[in-house]
Structure formats: C-alpha cells, structure tokens
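Trainee: Pasted the sequence and its predicted model underneath.
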Amino acid sequence: MKRVYVTGIGILTPLGKNLNENRVALQLGKCGITNLELFKTRYANKMPFGEVKIDNKTLQQELKANEPSVTRTTLLALYAFNQAINDAKLSQQDLSNSETALIGATTIGGMCLTDELYKDANKTSKGSPYLSSYDFGSINMYLQQRYQIGGIVNTINTACSSSANAIMYGARLIKNGLAKRVIVGGTDALAKFSINGFNSLMILSPNICQPFDSNRSGLNLGEGAAFLVLEDEHLSEKKNKYAELTGYCNTNDAFHPSSLSENGEGPYLAMQGALKLAGISSTKIDFINTHGTGTENNDEVESRAMLRLFGEVPSFSSTKSNIGHTLGASGAIEAVYSILNLVHQEIYPSLGFATPIESTKLIPTLSYIKKDVSHVLSNSFGFGGNCTSLLFSKV
C-alpha cells in the first residue's frame, strides 16, 4: 500500500492566523478563549468562546470573496485552504489534475446564517442568497469552483469527528489509487444554531474549560479551520514532508446520541485500530492529543479507554483548553497540532487543570517540554458514538 505524507498545512484559530503563530501560542500556554467581540448572541457576556478575532468584512477583502452567499464558515475555510496549497507549492495545473481530490468537513456549515435565511424567507418570494450556502457541501463546492479542483470532491459531517474522518478518507483515496494528492480539512464558525443547541444539552461551561479536571464544568465552543495536503510517496519525494499518516481508524459504539459508553468502547477500538493499521505497539506512542472536551462524560470515558489500551498512559493533553471545541474543524486543527509535536519535538501544556478525576487519576502534561516524539495519536470523538483516531509519525 502507498505511503501518505503531509506536505502542506494551513490553519486559522483563536490562537493565530498561521502555523507559526499557533505554535508560539501553544508553547507559551496561551488561551484563546475569551469574551465574544464580533459575534452577537444573548450568551456573549455569560460564557467564554474561542473566537477568531477577524471580522467578516476584513476576511472578504483579504480573500477577495465578496459573493453575498459566502458564509463565515467558508471564509475561514478559504483562509486556511490558501495557506495549505501555497505551503505545498501546488500550481493551478496540480489543482486541476483529475488525481487531486478535496475532502472537507464541517458540522455547522451554512447554518451559521440560519437567522438571515429565516428573515429573508419571511420578506421575499424570490429566494435568498443564503439558501445556496445552507447545504453542508456548499463550502467545498465553492472551493472546487474557485480553484477548479479536478478530482473527487466530498464533504463529511460526522459531528466532532468530521475533519478527522476527512483526513482518513483522503488517505484511503490515495492508498486505493483513487487519488495521488488530497487536500483534506475542516471548518466551522460560531453560530447561534450551535450555541443554542449545545446550551440546551447543558454542556457549555460558564468558565474557561478544564479538560480532565475533576471540577470540569463543560466545554467552550470555538471556531477555526485547518487544511492539510496529503500526497503519496512519489509526489512527495522531493518535497518538504511534515509527517507521515501511518494509522487511522473510525469506530462507532452507537451507545447514545451525545454520550460515550462508560467503558469507552468506541474510543478504545478507534485507538487500537489506528495502532493496528500502522503496525505500531502501544508502547511506541509518545503523545496523545486527546479529544478532551472538558465535559463530564467525555473526559472520564476517554481516560478509561486510554488506561484500558495503554496501561501506563503516555503523555497527553487537550488543546481544546487553548481554543475551545471547534466542532467539525477540531480534528484537522488538532492533527496540525500533533504534527507540530513531531516536527519540533515538543509537547504543549494542557491548561486549566488542577485536580485529577478520582476514578482515573490521570494528569495531562502541564508545562511545555522538549521530548523525543516519534508517534502521536490524535483523537476525535463525535456525537452518535462516531470515534476516530489518527496516528502521525515522524519522517
């Protein structure tokens, strides 16, 4: 089977506008979870959020994306997508090649403009410019048309594991000879739809989240985007290779619409499957970028799954303590952070932790450290029990 390498990266988060800004912020233990400044909601002064501090007008001007139907979700995607293809030095000929695919992911998509669409529907009979953006596929359709992507284009929506599954799907396209290059990633913007929805589940924290802490009180929603360029071993031969994607696995324990089973069957099988595909022993994993949402269910269950698989759990942390939960973008963003661990041989601290969970007693990494890192697991667990683990290895 063909080997798959990461040759380009683009990222936009509450921590920074590019790869280096994100790395520096992670090294310093910076938290990008703040009060809202750009997004209007009744919860603006009641809960903290991971907001990208660039307004839509600025993004539209910088990206030359002034179509009325382009949503913030698409603008964030376009920002990171541009970085990734430029980083990989892809030409228009490369993008238009039938062996170049695009697999993107989102949870919210155009639903960030639900209010605008509703208002339009009540005042006009001619349709709304927001209607064409409401479909989840609209983001990748926009990227496909703008860049004339020549190969397979698809959108994945599996809640919080969406962009991890996009990365996995892209790798499988390469390994099965259906593409030689795949641009993969995810995007999500803050939206009333998601804020109100998560608040109805009573899992939004009024404070900055505390992943794996016994006093954790819920998650903070965030926004952002990340894209990676995956290429097979022949196309990447003379390129800068950030990392190799050596393992991946998606499982579903189908236990509950929004919770994981108590013994962590889904997370356990996802991590185990990624290791098996890579042919790597659990003892070889140097670090885990956990799903780590800060919710009561997830952190205890993920801890149990790690204990079950590893016995002695390797170093781990949750970068959701830095940027919040970016939903469909989180898998791609955290994959990028995992790759930074490998490239720079360093581990970033998990923030907000004070007291271990009584039943598991696991303590995440709490300070920046330099360490030999050869293999990193990145976990993304979605609603409905959809669990995915990606395994990146040093090149």
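Mentor: Right, received. Where do you want to start?
Trainee: hey, where'd the strands end up in the stretch 251-395 of the chain?
Mentor: 287-289, 315-317, 346-347, 369-370, 375-381, 386-393 (DSSP state E, counting those that start in this stretch).
Trainee: average pLDDT for the fourth one?
Mentor: Average pLDDT, strand 369-370: 98.
Trainee: wait, which of the strands of the stretch 251-395 of the chain is closest to residue 223?
Mentor: Closest to residue 223 of the strands of the stretch 251-395 of the chain is strand 375-381 (Cβ to Cβ; 16.4 Å). All C-beta spots, glycine's among them, are computed from the backbone N, C-alpha and C.
Trainee: Can you check what angle separates the closest one from strand 386-393?
Mentor: 160 degrees (axes from the mean of the first three to the mean of the last three Cα atoms, to 10 degrees).
Trainee: on contacts alone, who are the packing partners of strand 375-381?
Mentor: helix 162-175, helix 265-278, strand 287-289, helix 296-310, helix 330-344, strand 386-393 (3 or more Cβ pairs under 8 Å, 6 or more residues apart in numbering; DSSP states H and E).
Trainee: run the last query once more with 10 Å
Mentor: Contacts defined by 3 or more Cβ pairs under 10 Å, 6 or more residues apart in numbering; DSSP states H and E place strand 375-381 against helix 162-175, strand 243-252, helix 265-278, strand 287-289, helix 296-310, strand 315-317, helix 330-344, strand 386-393.
Trainee: Could you list the paired strands of that strand along with their orientation?
Mentor: Strand 375-381 has these partner strands in its sheet, going by DSSP bridges: strand 287-289 (parallel), strand 386-393 (antiparallel).
Trainee: Of those, which is nearest residue 53?
Mentor: strand 287-289 (23.9 Å).
Trainee: quick check, distance from that closest one to the centre of its chain.
Mentor: 14 Å (Cα atoms, centre = their mean, to the nearest Å).
Trainee: pLDDT of it, averaged?
Mentor: Mean predicted confidence for strand 287-289 is 98.
Trainee: try stretch 268-275
Mentor: 97.
Trainee: Report the distance from it to the chain centre.
Mentor: 18 Å.
Trainee: now stretch 386-395
Mentor: 12 Å.
Trainee: what about residue 6, which SS state?
Mentor: Residue 6 carries the three-state label strand when classified by DSSP: H, G, I helix; E, B strand; the rest coil.
Trainee: Could you list everything it pairs with in the sheet?
Mentor: residue 230, residue 243.
Trainee: thinking again about what came up before, among the strands paired with strand 375-381, which is nearest residue 355?
Mentor: strand 287-289 (20.3 Å).
Trainee: Now do residue 194 against residue 335, distance only.
Mentor: Remark: distance between residue 194 and residue 335 (Cβ to Cβ, to the nearest Å) = 21 Å.
Trainee: Look at those two and report which has more neighbours.
Mentor: residue 335 (30 against 21; other Cβ atoms under 10 Å).
Trainee: just to revisit the earlier point, quick one: closest of the helices and strands packed on strand 375-381 to residue 134.
Mentor: Going by Cβ to Cβ, the one of these nearest residue 134 is helix 162-175, 17.1 Å.
Trainee: what's the angle between the helix or strand just after that closest one and helix 162-175?
Mentor: Once the chain leaves helix 162-175, the next helix or strand it forms, by DSSP states H and E, is strand 181-188. Counting by the same axes, to 10 degrees, strand 181-188 lies at 170 degrees to helix 162-175.
Trainee: tell me the contacts of residue 95?
Mentor: 85, 102, 143-144, 146-151, 181, 183 (Cβ atoms under 10 Å, 6 or more residues apart in numbering).
Trainee: Tell me which residues of the host helix or strand of it come out buried.
Mentor: Assigned by DSSP H and E, residue 95 belongs to helix 92-96. Neighbour-count burial for helix 92-96 flags 94-95 (criterion: 16 or more other Cβ atoms under 10 Å).
Trainee: Give me the sheet partners of the helix or strand just after it and which way each runs.
Mentor: Counting by DSSP H and E, the next helix or strand C-terminal to helix 92-96 is strand 100-105. Counting by DSSP bridges, the strands paired with strand 100-105 are strand 153-156 (parallel), strand 181-188 (parallel).
Trainee: Adding distance to residue 162, mean neighbour count and mean pLDDT, write the ones you listed out as TSV.
Mentor: Below are the strands paired with strand 100-105 laid out as TSV (distance: least, Cβ to Cβ, whole Å; neighbours: other Cβ atoms under 10 Å; pLDDT from 0 to 100):
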stretch	distance to residue 162	mean neighbour count	mean pLDDT
strand 153-156	5	20	98
strand 181-188	6	32	98
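Trainee: so which of these gets nearest residue 164?
Mentor: Closest among the strands paired with strand 100-105, using Cβ to Cβ: strand 181-188, at 8.3 Å.
Trainee: Nearest to residue 361, out of the strands paired with strand 375-381?
Mentor: Of these, nearest to residue 361 by Cβ to Cβ is strand 287-289, at 16.3 Å.
Trainee: ok, residue 56 - contacts?
Mentor: 38, 65, 70-72, 75-76, 189.
Trainee: Of those residues, which count as buried by neighbour count?
Mentor: 65, 70-72, 75-76, 189.
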